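Asks: with the input below, show me the fold.
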Amino acid sequence: MNRKQMLLALSAALAFGSAATLVVEHVRAAGIPTTGALTYSGLLQDGAAAPLTGATHTLEVKLWSASTAGTLLCDTGSPTGPTTLDGGRFSILLPDTCTTAIGTNPSAYSEVLLDGTSLGRSKLGAVPYAVEANHAVSTDSASGALDTRIKTLETRLGVTSAFRVHLSTNNIAQVPDQTPPTPLLFDVTPDYDLNGEVTNDATKTTFSPKSAGYYVLACTPIFESGAPGAATGWGAAYILVNATAVANNGYYGDLWTATRRVEVVTHLNALDKVTCGADQQASGAARTVRSGSSFEGMRLAL
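Replies: Okay, the predicted model is just below:
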């Protein structure tokens, strides 16, 4: 079987009395097969660092949760053998219980027994890619601390909510003189409305969030008086939540193509009614707002 080598950077020489040492080379992984996913390989040397030879040795591999004592996570069971060594090298197929153990315990320790005698324990330096990939596949059923963190982040992020509407034609909305703020009506088709929260009726455009949270909102009416100097007075932009002003920005001066913009960060409840409004005081005549006026907002991930 063609198995992809996943080097674990163990490279630890473990003493076996004065007679033999073990150099752990790697665990091999082949994709994510349903059985026989991993093999354990190493190099056995004698006291003079020469490769052990012969076919009279038995081998066993155990995985532990700690370098000493700890919990036995899995083992190969009865010693395998007699095992034929190829220049001191060996390779043992690990049982499927070890695949699961490594996937959930990447800091496990391995122990090799040669002819019934332990060569000590060595920490796994990395998780084989195929096993880690299989673990990643199962994260949709995460539990415990990971699940709690994921749910906390999902709650904080909430749903995606952002919109923008504008006026494409001059003189659409009449703003009466010296009256409460007038909600404005924008183009029927929004520039964007990511969560379907903007509606128009005969007189106004309303943003109604589907989820509670903190939102940044902006209202920018551009007043139109017909000609420079035709009207001097007070003009203001408002953000209204359920018909009550929560922010405004105004000025006094020439109302010919005069732009006012108000921005606010505020908490909204689900299904609140948010509108962009304007008022003006110019001694009698009603004024209009013109193309380029806009209303926009987005939910903050707090």
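
Asks: hey, let's count contacts and neighbours off CA atoms from now on
Replies: Will do.

Asks: was I right to think Thr99 contacts Leu38?
Replies: Yes: in this structure Thr99 lies within contact range of Leu38 using CA atoms under 8 Å: 6.6 Å.

Asks: mind listing the helices for the chain?
Replies: Secondary structure of the chain (DSSP state H): helices at 96-104, 129-137, 144-157.

Asks: and Phe240, how far from Cys219?
Replies: For residue 240 the amino acid is Leu, not Phe. 10 Å (CA to CA, to the nearest Å).

Asks: what sits against Gly70?
Replies: Residues near Gly70 by CA atoms under 8 Å, 6 or more residues apart in numbering: Trp64.

Asks: returning to what we had before: give me the common contacts of Leu240 and Cys219.
Replies: Joint contacts of Leu240 and Cys219 (CA under 8 Å, 6+ apart) are 276-277.

Asks: the two: which has the busier surroundings?
Replies: A direct count of neighbours by other CA atoms under 10 Å for Leu240 and Cys219 places Cys219 higher, at 28 against 21.

Asks: skip the chain neighbours and tell me the closest residue to that one.
Replies: Spatially, and ignoring its direct neighbours in sequence, Cys219 is nearest to Phe295 (4.7 Å; CA to CA, 6 or more residues apart in numbering).

Asks: ok, now Pro221?
Replies: Per CA to CA, 6+ apart, closest to Pro221 is Ser293, 4.6 Å.

Asks: could you list the low-confidence segments of this protein?
Replies: The model of the chain has pLDDT under 70 over residues 1-37, 54-55, 81, 125-144, 155-158, 170-173, 283-286.

Asks: I figured Ala218 hits Leu240, correct?
Replies: No: the pair Ala218 / Leu240 is not scored as a contact, 10.8 Å apart, by CA under 8 Å.

Asks: mutual contacts of those two, please.
Replies: Cys276.

Asks: on that earlier part again, ok, the residue nearest to Pro221 - how many residues close by?
Replies: Applying other CA under 10 Å, I find that Ser293 has 22 neighbouring residues.

Asks: quick check: it touching Glu224?
Replies: No: taking contacts as CA under 8 Å, Ser293 lies outside contact range of Glu224: 10.8 Å.

Asks: what residues are up against Val241?
Replies: Per CA under 8 Å, 6+ apart, neighbours of Val241: 272-275.

Asks: using a markdown table, lay out the residues you listed together with distance to Ser91.
Replies: Putting those into a markdown table (distance: CA to CA, whole Å) gives the following:
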| residue | distance to Ser91 |
| --- | --- |
| Asp272 | 67 |
| Lys273 | 69 |
| Val274 | 69 |
| Thr275 | 72 |
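
Asks: identify the bridge partners of Tyr192.
Replies: Arg164 (DSSP bridges).

Asks: report the separation between it and Gly229.
Replies: Where Gly229 is concerned, Tyr192 sits at a distance of 36 Å (CA to CA).

Asks: please apply the same query to Ala278.
Replies: 20 Å.

Asks: all strands of the stretch 1-150 of the chain, in order?
Replies: Taking DSSP state E, counting those that start in this stretch as the test, the strands found in the stretch 1-150 of the chain are 4-7, 13-16, 20-29, 38-46, 57-64, 72-75, 80-83, 89-93, 109-114, 117-123.

Asks: tell me what Leu44 is bridged to.
Replies: Leu22.

Asks: and Thr39, by the same measure?
Replies: Arg28, Leu93.

Asks: Leu268 now?
Replies: Going by DSSP bridges, Leu268 forms beta bridges with Gly213.

Asks: going forward, the N-terminal residue is numbered 454.
Replies: With the count now opening at 454, the last piece we talked about shows up as Leu721.

Asks: residue contacts, it?
Replies: 662, 665-668.

Asks: distance of it from Ala615?
Replies: 14 Å.

Asks: with Phe748 instead?
Replies: From Phe748 to Ala615 the distance is 11 Å (CA to CA).

Asks: who has more neighbours, those two?
Replies: Phe748 (27 against 22).

Asks: how close does the more buried one get to Ala711?
Replies: Taking CA to CA, one finds Phe748 at 16 Å from Ala711.
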